[in-house]
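[1] Generate coordinates for the sequence data below:
(one chain, ligands or ions: 4)
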Amino acid sequence: PYVNTKEILEKANKEYYAVAALNINNLEFLQAILEAGIEKKSPLIIETSEGAIKYAGTGDPLRGAKFFVDMVKGFADTLDIPVSLHLDHGKDFKYIVSAIKAGYSSVMIDASDKPFEENVKITKEIVKIAHSVGVSVEAELGKLAGIEDNVSSAESVLVNPDEAKKFVEETQVDFLAPAIGTSHGAFKFKGEAKLDYDRLKQVKELTGIPLVLHGASSVVEEIVEIAEKYGADFGGSKGVPSEILKETVQLGINKVNTDTDLRMAFVAGLREYLHNNPKEFDPRNYMKKGKEYVKKVVADRLELLGSAGKA
Ligand SMILES: O=C(COP(=O)(O)O)NO
Ligand SMILES: [Ca+2]
Ligand code: NA
Ligand SMILES: [Zn+2]
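    Ligands and ions are numbered 1, 2, ... in the order given. Predicted coordinates for the structure are as follows:
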């Protein structure tokens, strides 16, 4: 069924596992993700960036948001696993309100690039609107180092746990994304991968609410190999190792945002299929391999995060 993200994350918070939040821009990624969730009997959070809504709605926020609600709700209402739809990195009021109006389960208001007091003010406004119609809200504290879709924050500013406690009390936000050293994209670490577990532990103790890890893709070695075999250049790519991801779940992460791993899996399969099938031009065929690899990457992640069997 189509459910509220809060319902999925409250259960995960209580039972100390995490749920994958998987970014989509089209039908094919959704199909692959849902197949993995059905196979693993796992709850799923489907999420779209503002860019995905702009892309699907060819520039009209409400048309794009409705497209994703109709597609995700349409599938979810025929399935036994709980599925929610979340707006990732909401920054533009127009997109956030469109997502709420269209029927998204939850929205992220990302004002993490603003000073603390302003982040509180903006987040309170969104919480008031969203909660008035039963939509849950995610916010972010601290800055990720990578390029966040359309905003690049030069340095990564890690979360201040005392600020996090104050932020949650003042905003009543439902879930929080504390910056602990990850960044978006395929090039997360120059040297050894390292996250600030102490800050994460303190934020959990001080807030007790479901926590979100952004920039959580692992950059799967097998996928990189296949993609590069068929012409991709992913040199220097590095993600969050599985062991570190598992540790963050033990320390209280309950929503794990995953976009890059899905994109790399799809393009690896697409490159492989096209290389091996020069005569093919039916999109229902030439996207098969990409969907297969996305499904595999998602299925493995559901096991890793401990949400398999929790539907
Ligand atoms: O944080 C993410 C995704 O991060 P990745 O680039 O590591 O998949 N979306 O909000
Ligand atoms: Ca941010
Ligand atoms: Na998000
Ligand atoms: Zn993110």
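
[2] pLDDT value on residue 192, please?
    As predicted, residue 192 sits at a pLDDT of 89.

[3] Residue 150 now?
    The model's pLDDT for residue 150 equals 42.

[4] ok, now residue 145?
    67.

[5] got it, and residue 66?
    98.

[6] Let me see the ranges of the strands in the protein.
    Along the chain, the segments classed as strands by DSSP state E run 19-23, 44-48, 83-90, 106-109, 136-141, 147-148, 151-152, 175-178, 211-213, 253-258.

[7] Distance to residue 268 and mean neighbour count added to those strands, as JSON lines?
    All C-beta atoms are positioned from the backbone trio N, CA, C, and that covers glycine. Shown next, in JSON lines, are the strands of the chain (distance: least, C-beta to C-beta, whole Å; neighbours: other C-beta atoms under 10 Å):
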{"stretch": "strand 19-23", "distance to residue 268": "17", "mean neighbour count": "27"}
{"stretch": "strand 44-48", "distance to residue 268": "21", "mean neighbour count": "28"}
{"stretch": "strand 83-90", "distance to residue 268": "23", "mean neighbour count": "28"}
{"stretch": "strand 106-109", "distance to residue 268": "28", "mean neighbour count": "28"}
{"stretch": "strand 136-141", "distance to residue 268": "30", "mean neighbour count": "27"}
{"stretch": "strand 147-148", "distance to residue 268": "22", "mean neighbour count": "18"}
{"stretch": "strand 151-152", "distance to residue 268": "26", "mean neighbour count": "14"}
{"stretch": "strand 175-178", "distance to residue 268": "28", "mean neighbour count": "26"}
{"stretch": "strand 211-213", "distance to residue 268": "24", "mean neighbour count": "26"}
{"stretch": "strand 253-258", "distance to residue 268": "16", "mean neighbour count": "27"}
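
[8] can you list the ones you listed in TSV and add distance to ligand 1?
    Output for the strands of the chain, formatted as TSV (distance: least, C-beta to the nearest ligand atom, whole Å):
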stretch	distance to ligand 1
strand 19-23	6
strand 44-48	7
strand 83-90	5
strand 106-109	8
strand 136-141	9
strand 147-148	8
strand 151-152	12
strand 175-178	8
strand 211-213	8
strand 253-258	4
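
[9] Go through these and name the closest to residue 6.
    Ranking the strands of the chain by distance to residue 6, with C-beta to C-beta as the measure, places strand 136-141 first at 3.9 Å.

[10] chain center to stretch 17-35: distance?
    Relative to its chain's centre, stretch 17-35 lies at 9 Å (C-alpha atoms, centre = their mean, to the nearest Å).

[11] Just checking it against ligand 4, any contact.
    No - for stretch 17-35 and ligand 4, the contact criterion (C-beta under 5 Å from the ion) is not met; the two come no nearer than 8.6 Å.

[12] ok, the residue in the stretch 101-250 of the chain that ligand 4 sits nearest to - contacts?
    Of all residues in the stretch 101-250 of the chain, residue 214 sits closest to ligand 4, at 3.3 Å by C-beta to the ion. Under the criterion of C-beta atoms under 8 Å, 6 or more residues apart in numbering, the neighbours of residue 214 are 140, 144, 177, 179, 182, 184, 257.

[13] of the residues you listed, closest to residue 68?
    Closest to residue 68, out of all of the contacts of residue 214 and judged by C-beta to C-beta, is residue 257, at 16.4 Å.

[14] thought residue 226 was touching residue 272?
    Yes - in this structure, residue 226 is within contact of residue 272 by C-beta atoms under 8 Å, at 5.9 Å.

[15] leaving aside the residues next to it on the chain, what's closest to the single nearest residue of the stretch 51-200 of the chain relative to ligand 2?
    Across the stretch 51-200 of the chain, the shortest distance to ligand 2 (C-beta to the ion) belongs to residue 112, at 3.7 Å. Spatial nearest neighbour of residue 112, excluding adjacent residues (C-beta to C-beta, 6 or more residues apart in numbering): residue 140 at 3.9 Å.

[16] Name all residues that make contact with the one you found.
    Neighbouring residues of residue 140 by C-beta under 8 Å, 6+ apart: 108, 110-112, 176-179, 212, 214.

[17] Rebuild these as JSON lines, extending it with distance to residue 22 and pLDDT.
    Listed next are the contacts of residue 140 as JSON lines, based on distance: C-beta to C-beta, whole Å; pLDDT from 0 to 100:
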{"residue": "108", "distance to residue 22": "14", "pLDDT": "98"}
{"residue": "110", "distance to residue 22": "18", "pLDDT": "98"}
{"residue": "111", "distance to residue 22": "24", "pLDDT": "97"}
{"residue": "112", "distance to residue 22": "21", "pLDDT": "95"}
{"residue": "176", "distance to residue 22": "20", "pLDDT": "98"}
{"residue": "177", "distance to residue 22": "16", "pLDDT": "98"}
{"residue": "178", "distance to residue 22": "21", "pLDDT": "97"}
{"residue": "179", "distance to residue 22": "21", "pLDDT": "95"}
{"residue": "212", "distance to residue 22": "13", "pLDDT": "98"}
{"residue": "214", "distance to residue 22": "13", "pLDDT": "97"}
